[in-house]
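Student: With the sequence up front, the predicted model follows.
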Amino acid sequence: MEINAFVIFFAAIFTSNILLTNFLGMCSFLSVSREVESSFGLGVAVFFVIVCTTAINYAVYHLILVPLDIIYLQYIVFIIVIAAFVQLTELFVERFSPVLYYTLGIFLPLITVNCAIFGVSLFMVIRNYSFLQSIAYGAGAGLGWLLAILSLAGLRQKLKLQRVPAGLRGAGITLIITGIMSLAFIGFSGIAVIQ
Amino acid sequence: MNKKQIFIQSAFTENAIWAQILGICSALAVTNQMKNSLVMGLGVIFTLALSMFTISAIRSLIPPRVRMMAQTFIIAFYVILVDLFLKAVLPEVSQQLGPYVGLIITNCIIMGRAEAFAIKNTPLDSMIDGIGAGVGYTLVLLLISLIREIFGFGAIFGYQVMGTWWTPWSIMVMAPSAFFLLAMLIWLVEIRKRKKR
């Protein structure tokens, strides 16, 4: 079954948003989304890392793991690739662009344990995507995550001035907002081409 | 602290989900049916117990610089075992859980317990702490999935409990309900905590 990479890209952003329908990357989503600027920084970093690691993991999976018949090692290998890539990016950014390092660099260590990135690599394998499809899926998922965390941060900034029931402050109200956002994103599935 | 206190502390007072808001990803994703939740919970208990034991047992051998990486390896090792076991014994559930079994590796609960407890306690205590955290996590999963399965499918563990008159709430099968239910749970726990003070 060949699905147009373009369709996958848009589906990953809207109809099957990695955060709002697959619940991946919730931990950093809940803790960093207090301010718009830092959310944007983290979102961009996640987007970049997802696209690159998906490409690398695709190559590793199809060129090394499948020929050697050691698919069961995929979890460990994917994690190593992601951790190594994040570490390299951090060194690289620190060395060549201090400005970028201070805006993005602080988020990079957080990313290794972000399940969205690992999840995208696993979905890519489970759904048997081709290389182009994987890249499109990775880019869509990254953008979708960025979109979700940015909108949540915007809403949470407004929320600072509102009166929230005492017990709901913090995680509770954030989850309710996320639920409502998730409802809104389900509205997009009216235009879904694939499930 | 004796063993019982350790267990109660990590399962209830410091419950990973409602007190520390960790491990939310999988808590939301697998809770549409109780069977999936139970299998996932058992997988997490197994991984937590054994990886806490291992990490604690070799804690003096791990160089601090590569501590995280070493912990990830140990956790990944046990997750692979769980994954292979599920594929062989419960292939259907394994298929439904999809990538979420593998995602136990990046489940923040496990890393959290390793960093907070296993790194400075004896292997046996760490194992009990791990089992406690896993049990607390499983209870939350089962509670949320109970509500979602009853309203969404009219069933408990796949057995139809509501009659034919029941109209399933399709929202309960979809993503948003998981967010709402978890928020309600956290709210209730907070209210109880405030009353106690």
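Tutor: Perfect, I can see it now. Residues are numbered from 1 along each chain as shown, chains lettered A, B, ... in the order given.
Student: And the helices in chain A, which stretches?
Tutor: With DSSP state H, the ranges of helices along chain A come out as A:5-13, A:26-32, A:36-60, A:66-68, A:74-96, A:98-104, A:108-112, A:115-126, A:131-159, A:171-186.
Student: Identify whichever of these lies nearest to B:Ile156.
Tutor: Nearest to B:Ile156, of all the helices of chain A, is helix A:171-186, at 23.6 Å by Cβ to Cβ. In short, each C-beta sits where N, CA and C put it, glycine included.
Student: tilt between that closest one and helix A:131-159?
Tutor: If you take axes from the mean of the first three to the mean of the last three Cα atoms, to 10 degrees, helix A:171-186 sits at 130 degrees to helix A:131-159.
Student: how far does helix A:171-186 sit from the chain's center?
Tutor: How far helix A:171-186 lies from its chain's middle: 17 Å, per Cα atoms, centre = their mean, to the nearest Å.
Student: related to what we said a few turns ago, burial-wise, tell me which of the helices of chain A comes out on top.
Tutor: Of all the helices of chain A, helix A:115-126 has the most neighbours on average by mean count of other Cβ atoms under 10 Å in any protein chain shown, namely a mean of 25.
Student: Now do that helix: which elements does it pack against?
Tutor: When contacts are defined as 3 or more Cβ pairs under 8 Å, 6 or more residues apart in numbering or on different chains; DSSP states H and E, helix A:115-126 packs onto helix A:36-60, helix A:74-96, helix A:131-159.
Student: lowest-confidence stretch among the ones you listed?
Tutor: Per-segment mean pLDDT for the helices and strands packed on helix A:115-126 reaches its minimum on helix A:74-96, at a mean of 84.
Student: elements contacting it?
Tutor: Right, helix A:74-96 is packed against helix A:36-60, helix A:98-104, helix A:108-112, helix A:115-126, helix B:67-89 by 3+ Cβ pairs under 8 Å, 6+ apart.
Student: closest one to A:Leu20 among those?
Tutor: Checking these against A:Leu20 by Cβ to Cβ gives helix A:115-126 as the closest, at 11.5 Å.
Student: what residues does chain A put near chain B?
Tutor: Residues of chain A lying near chain B by Cβ under 8 Å from any Cβ of the partner chain: A:20-27, A:30, A:72-76, A:79, A:83, A:112-115, A:118-119, A:122-123, A:126, A:165-168, A:171-173, A:175-176, A:178-180, A:182-183, A:186.
Student: okay but B:Thr54 is in contact with B:Ile74, surely?
Tutor: Yes - here B:Thr54 reaches B:Ile74: they are 5.1 Å apart, a contact under Cβ atoms under 8 Å.
Student: what's around A:Phe23, how many residues?
Tutor: Using other Cβ atoms under 10 Å in any protein chain shown, A:Phe23 has 27 other residues around it.
Student: what does B:Glu92 give?
Tutor: Here the number of neighbours of B:Glu92 (other Cβ under 10 Å) works out to 9.
Student: The helix or strand hosting it: which residues count as buried?
Tutor: B:Glu92 belongs to helix B:91-97 when elements are defined using DSSP states H and E. Within helix B:91-97, the residues that count as buried by 16 or more other Cβ atoms under 10 Å in any protein chain shown are B:93-94, B:97.
Student: Using the three-state scheme, assign the residue of chain B positioned farthest from its centre.
Tutor: Note on chain B: the largest C-alpha distance from the chain mean falls to B:Trp165, namely 34.1 Å (Cα atoms, centre = their mean). With DSSP: H, G, I helix; E, B strand; the rest coil as the basis, B:Trp165 sits in coil.
Student: where does it sit relative to chain A, distance-wise?
Tutor: Here the criterion is Cβ to the nearest Cβ, to the nearest Å. By it, B:Trp165 lies 27 Å from chain A.
Student: what's the answer for B:Ser94, then?
Tutor: 11 Å.
Student: just the helices in chain B please.
Tutor: Counting by DSSP H, chain B has helices at residues B:3-8, B:24-29, B:34-57, B:67-89, B:91-97, B:108-116, B:123-153, B:170-173, B:175-196.
Student: Of these, which stretch is the most buried?
Tutor: Counting by mean count of other Cβ under 10 Å, the most buried of the helices of chain B turns out to be helix B:24-29, with a mean of 26.
Student: What helices and strands are in contact with it?
Tutor: Using 3+ Cβ pairs under 8 Å, 6+ apart, the elements in contact with helix B:24-29 are helix A:26-32, helix B:123-153, helix B:175-196.
Student: Packing partners of the longest one?
Tutor: Using 3+ Cβ pairs under 8 Å, 6+ apart as the contact criterion, the secondary-structure elements in contact with helix B:123-153 are helix B:3-8, helix B:24-29, helix B:34-57, helix B:108-116, strand B:155-156, helix B:170-173, helix B:175-196.
Student: Let me know the angle separating the longest one from helix B:67-89.
Tutor: Compare the direction of helix B:34-57 with that of helix B:67-89 by the same axes, to 10 degrees and you get 140 degrees.
Student: what mean pLDDT does helix B:34-57 have?
Tutor: Mean per-residue pLDDT for helix B:34-57: 90.
Student: and if you look at the fourth one?
Tutor: When the per-residue pLDDT values of helix B:108-116 are averaged, the result is 82.
Student: For chain B, give me the ranges with low pLDDT.
Tutor: Within chain B, the segments meeting pLDDT under 70 span B:1.
Student: Pull the contacting residues for the residue nearest in space to the middle of it.
Tutor: Nearest residue to the geometric centre of chain B (Cα atoms, centre = their mean): B:Tyr137, 3.8 Å. Residues in contact with B:Tyr137 (Cβ atoms under 8 Å, 6 or more residues apart in numbering or on different chains) are B:15-17, B:23, B:27, B:41, B:44-45, B:109.
Student: do you know how far it is from chain A?
Tutor: As judged by Cβ to the nearest Cβ, B:Tyr137 and chain A stand 14 Å apart.
Student: got it, and B:Ser126?
Tutor: According to Cβ to the nearest Cβ, B:Ser126 stands 20 Å off from chain A.
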